[in-house]
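Visitor: no sequence for this one, just the structure:
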């Protein structure tokens, strides 16, 4: 059996016992505990810069674009006119970067609970933190849950880019959170939340989808490939107040040239549709 | 930094430096060198039984069905009448198991080079080796490349379930292999080969697809999610002699009841179509 060497970082988490992903570290650029969580940034041999919160990989320079583009463009391209968008979480700036690219988006409001994550990302993860420079963006440091209590009937799209439901993000995976988002939405609004992997976290997927279905007339789970997340797969729960929405038929359909102009490395209209096709063992669980 | 404990197995391979996947071992059930490769079978905490060849995970009980079903049903369901199928490799029996399920398949011929892999799979991996019990199957131990030289105009579908292109499988990733398969096919025949991950092995993906395109009038790359393969993603190159084929529109479209009856856990007609939708960075590489 191999024993990993000293300059490797291994992800370990109670959610996924018995297997782990590890990467070789060039340099630990940052390591401090914030008010909310343990924050690490690494420079690595094979993944570029990596952000780790409470021991869990949040994003790597190699593959972050898959997650960020999909959580942004799946809901945006299903909405007729996504002018005003709320981002809850997303302290690395990646979602703000991608949401701002959508031509119909006029105004982006972001609420991130941990100012340290923003600060660290600006310093060490400029390829994502560039999102904070968008002229469309107003950034608040605070609790997204509390923020929405004072903002009703205001947003076309709400994107919840959270860490996993242990630690500061627990409240973002509960049914009252979906109920609250509904009040913060304008008519025909759409929400999209990180919702775990069907390979290892089926109960999380099912619960999050059920909470969304209880609050929204239309809801679905969509999937994408992210090598450095557990199982290399993560999904999103998307819910719409517009009963006529067909999630797998985007309203905004970018041309190849538009994809290039926006520098979208993952998203396109074919991958949008494909994201809603799920393996048989998943559909039978979800529909049960 | 964490150091993994003694009872963990870490995959290490020259193809993917700088990151690795590891799993906790309950028991090493088998470890011997065959004439061709180093063979290990583990019982594990989180993945069930695991087959490792030359230090690389080949299949785990947790997720093998994704790979096996997709490499089998993508080509089978694109062929009008896939009566006679050749499997090259596939010594664990998983592809034989799934190919045999297709109602139009009458005869399956398999050529695996390493008798030890078959023997070990029968003993330790019965959930896959059950494929060897199919009455449709004729199993040969030998070199698939050499076998095809003596079998022309014989098969409707050829599936190449090989390990990665280091070690005994190198010859199965070269253009003359695709040329040889073409001669072994009947008119309108289809081939499908393991072809690596676009996340880490883009040159392998591009080369394999190019070799296939050079030999077949229609060719494409399709993807599936397999958590325990590098990057959690692997793909297939599929080529057809039938110019009218539309790979993403399967000819055989199983009903939900048929999927259940065949115990297909991954494949369905929606996931078939979705497998051909690729991220923007992949299509721009492939089309270049």
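Guide: Perfect, thanks for sending it. As the structure is a prediction and not an experimental result, all values here were calculated from the model.
Visitor: For the residue lying closest to residue A:262 once chain neighbours are set aside, which residues are in contact?
Guide: Nearest non-adjacent residue to residue A:262, counting by C-beta to C-beta, 6 or more residues apart in numbering or on different chains: residue A:101, 4.5 Å away. (Glycine included, C-beta is placed from N, CA and C.) Taking C-beta atoms under 8 Å, 6 or more residues apart in numbering or on different chains as the definition of contact, the neighbours of residue A:101 are A:262, A:263, A:264.
Visitor: Against chain B, how distant is residue A:101?
Guide: Residue A:101 sits 13 Å away from chain B, going by C-beta to the nearest C-beta, to the nearest Å.
Visitor: related to what we said a few turns ago, which of the contacts of residue A:101 lies at the shortest distance from residue A:160?
Guide: residue A:264 (20.9 Å; C-beta to C-beta).
Visitor: and the closest residue to residue A:134 other than its chain neighbours, how many neighbours?
Guide: Nearest residue to residue A:134 in three dimensions, chain neighbours excluded: residue A:100, at 3.9 Å (C-beta to C-beta, 6+ apart). One way to gauge burial is a neighbour count; for residue A:100, by other C-beta atoms under 10 Å in any protein chain shown, it gives 20.
Visitor: go on, the one 10 residues further on?
Guide: For residue A:110, the neighbour count with other C-beta under 10 Å is 28.
Visitor: again, but for the one 10 residues further on
Guide: Neighbours of residue A:120 under the rule other C-beta under 10 Å: 22.
Visitor: same thing with residue A:149?
Guide: A count of nearby residues for residue A:149, using other C-beta under 10 Å, gives 11.
Visitor: quick revisit: the residue nearest to residue A:134 against residue A:131, yeah?
Guide: Yes. Contact between residue A:100 and residue A:131 holds when scored by C-beta atoms under 8 Å: they sit 6.5 Å apart.
Visitor: Only whichever of the contacts of residue A:101 are buried, select them in ChimeraX.
Guide: Buried subset of these, written as a ChimeraX selection, criterion 16 or more other C-beta atoms under 10 Å in any protein chain shown:
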select /A:262,264
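Visitor: Narrow the contacts of residue A:101 to those in helices?
Guide: When the contacts of residue A:101 are checked against helices (DSSP state H), there are no matches.
Visitor: Could you dump the contacts of residue A:101 into a markdown table with pLDDT added?
Guide: As requested, the contacts of residue A:101 are exported to a markdown table (pLDDT from 0 to 100):
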| residue | pLDDT |
| --- | --- |
| A:262 | 97 |
| A:263 | 97 |
| A:264 | 98 |
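Visitor: any chance of the contacts of residue A:101 in JSON lines, with distance to residue B:285 too?
Guide: Written out in JSON lines, the entries for these read as follows (distance: C-beta to C-beta, whole Å):
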{"residue": "A:262", "distance to residue B:285": "18"}
{"residue": "A:263", "distance to residue B:285": "15"}
{"residue": "A:264", "distance to residue B:285": "14"}
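Visitor: Quick check: of the contacts of residue A:101, which lies closest to chain B?
Guide: residue A:264 (5.5 Å; C-beta to the nearest C-beta).
Visitor: what sits against the closest residue to residue A:72 other than its chain neighbours?
Guide: In space, and not counting its chain neighbours, residue A:72 is closest to residue A:98: 4.1 Å by C-beta to C-beta, 6+ apart. When the contact criterion is C-beta under 8 Å, 6+ apart, the partners of residue A:98 are A:68, A:69, A:72, A:73, A:131, A:264.
Visitor: Likewise for residue A:270?
Guide: When contacts are counted by C-beta under 8 Å, 6+ apart, residue A:270 touches B:277, B:278.
Visitor: pLDDT score assigned to it?
Guide: Reported pLDDT at residue A:270 in the predicted model: 98.
Visitor: where's it, which helix or strand?
Guide: Element membership of residue A:270, judged by DSSP states H and E, is helix A:269-274.
Visitor: What is the subsequent helix or strand relative to that helix?
Guide: The first helix or strand that comes after helix A:269-274 along the chain, using DSSP H and E, is helix A:280-286.
Visitor: Check which helices and strands that following helix sits against.
Guide: helix A:202-215 (3 or more C-beta pairs under 8 Å, 6 or more residues apart in numbering or on different chains; DSSP states H and E).
Visitor: hmm, who's touching the helix it packs on?
Guide: Contacts to helix A:202-215, defined as C-beta under 8 Å, 6+ apart, come from residues A:165, A:173-175, A:177-179, A:181-182, A:191, A:193, A:195-198, A:219-221, A:235, A:237-239, A:282, A:285-286.
Visitor: run the last query once more with 7 Å
Guide: When contacts are taken as C-beta atoms under 7 Å, 6 or more residues apart in numbering or on different chains, the neighbours of helix A:202-215 outside the stretch itself are A:165, A:173-175, A:178-179, A:182, A:193, A:195-196, A:198, A:219, A:221, A:235, A:237, A:239, A:285-286.
Visitor: centre of the chain versus the next helix or strand after it, how much separation?
Guide: Remark: after helix A:202-215, the chain's next helix or strand is strand A:218-225, criterion DSSP H and E. The gap between the average C-alpha position of strand A:218-225 and the chain average comes to 12 Å, counting by C-alpha atoms, centre = their mean, to the nearest Å.
Visitor: show me what contacts the nearest residue to residue A:275 once chain neighbours are set aside?
Guide: In space, and not counting its chain neighbours, residue A:275 is closest to residue A:222: 3.9 Å by C-beta to C-beta, 6+ apart. Shown in contact with residue A:222 (C-beta under 7 Å, 6+ apart): A:74, A:235, A:236, A:238, A:275, A:276.
Visitor: Residues in contact with the helix or strand where residue A:57 lies: which ones?
Guide: Using DSSP H and E, the secondary-structure element containing residue A:57 is strand A:56-60. Around strand A:56-60, the neighbours that count as contacts under C-beta under 7 Å, 6+ apart are A:11, A:13, A:47-48, A:50-52, A:67, A:92, A:94, A:128, A:163-164, A:228-229.
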